[in-house]
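Asks: I'll drop the sequence and a predicted model, then ask my questions.
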Amino acid sequence: MKRKGLVLLLLASVVAGSILVASTTTAERVVAQTPMEAATEYFQAYIARDVEGMMFYSKDTNYLDEKSREEGYVKDFKTNPTTGYEIVESKQINTDEVQFYVVQKYAGQDYEQSPPLPYKIFESENGWKVLVEPLEINTLTGEVTKGTPIHALQYTDQSMFYLVSTKTQVPFYRND
């Protein structure tokens, strides 16, 4: 009889411990209540190479689904030179959208930082999110324009995709 009580006590402890671990893991990510909180959490996750954090605080139009998005982020981290960021400007678009301009800092590149890159922050059912869209940067002039989503790019070899001219897509890496 004592043995059954001990087994039940151990089983209850394991279940309680599992619930505690699950609730702690879920509680690590807090729904962003403001556009600035969403941007800060997203870019901190980006710098920390935290895939789950990036996915939680953003919507990325470069990928067709969450699986390819996660795989793309992991591949990007292998060569991504971004070491910091600075939010240099924000503009209210409407009550559900804010435009932020973010300068990304780089290490080990010919250039030390990006020009101000536009990111929309929008309010979703799950709090504020960063909308990540493909951008094309002309590295000679600093001009930033819309780029091509990663899922739509076609590659001819195993290397990073480069446009023929002074414009580059960042970050665009082969996805296979």
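Replies: The structure has been received and is ready for your questions.

Asks: Apart from its chain neighbours, what residue comes closest to the residue positioned nearest the centre of the chain?
Replies: The residue lying closest to the centre of the chain (CA atoms, centre = their mean) is residue 54, at 3.2 Å. Nearest non-adjacent residue to residue 54, counting by CB to CB, 6 or more residues apart in numbering: residue 45, 4.6 Å away. (Glycine included, C-beta is placed from N, CA and C.)

Asks: Can you name the secondary structure element that comes next after the one helix or strand that neighbour maps to?
Replies: Using DSSP states H and E, the secondary-structure element containing residue 45 is helix 35-47. Using DSSP H and E, the helix or strand that follows helix 35-47 towards the C-terminus is helix 51-56.

Asks: one step back: extract the C-alpha trace of the helix holding residue 45 and format it as PDB.
Replies: Coordinates of each C-alpha in helix 35-47 appear next as PDB, following Å, rounded to 0.1, in the frame of the first residue of the first chain:
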ATOM      1  CA  PRO A  35       4.900  48.800 -31.700                       C
ATOM      2  CA  MET A  36       8.200  49.700 -30.000                       C
ATOM      3  CA  GLU A  37       8.000  46.600 -27.800                       C
ATOM      4  CA  ALA A  38       7.500  44.400 -30.900                       C
ATOM      5  CA  ALA A  39      10.400  46.000 -32.800                       C
ATOM      6  CA  THR A  40      12.700  45.800 -29.800                       C
ATOM      7  CA  GLU A  41      11.900  42.100 -29.100                       C
ATOM      8  CA  TYR A  42      12.200  41.200 -32.800                       C
ATOM      9  CA  PHE A  43      15.500  42.900 -33.300                       C
ATOM     10  CA  GLN A  44      16.900  41.600 -30.000                       C
ATOM     11  CA  ALA A  45      16.000  38.100 -31.100                       C
ATOM     12  CA  TYR A  46      17.600  38.700 -34.500                       C
ATOM     13  CA  ILE A  47      20.900  39.800 -33.000                       C
END
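
Asks: contacting residues around it?
Replies: 32, 50-54, 56-58, 82-85, 87, 90, 98, 100, 102, 119, 121, 127-130 (CB atoms under 8 Å, 6 or more residues apart in numbering).

Asks: let's see it at 6 Å
Replies: 32, 53-54, 57-58, 85, 98, 100, 121, 128-130 (CB atoms under 6 Å, 6 or more residues apart in numbering).

Asks: Run the chain-centre distance for that helix.
Replies: Between the centre of helix 35-47 and the centre of its chain there are 8 Å (CA atoms, centre = their mean, to the nearest Å).

Asks: How much space separates residue 136 from residue 107?
Replies: Computed as CB to CB, to the nearest Å, the residue 136 to residue 107 distance reads 22 Å.

Asks: For the lengthiest strand in the chain, name the packing helices and strands.
Replies: If you go by DSSP state E, the chain has its longest strand at strand 82-94. On a contact count with 3 or more CB pairs under 6 Å, 6 or more residues apart in numbering; DSSP states H and E, strand 82-94 meets strand 97-106.
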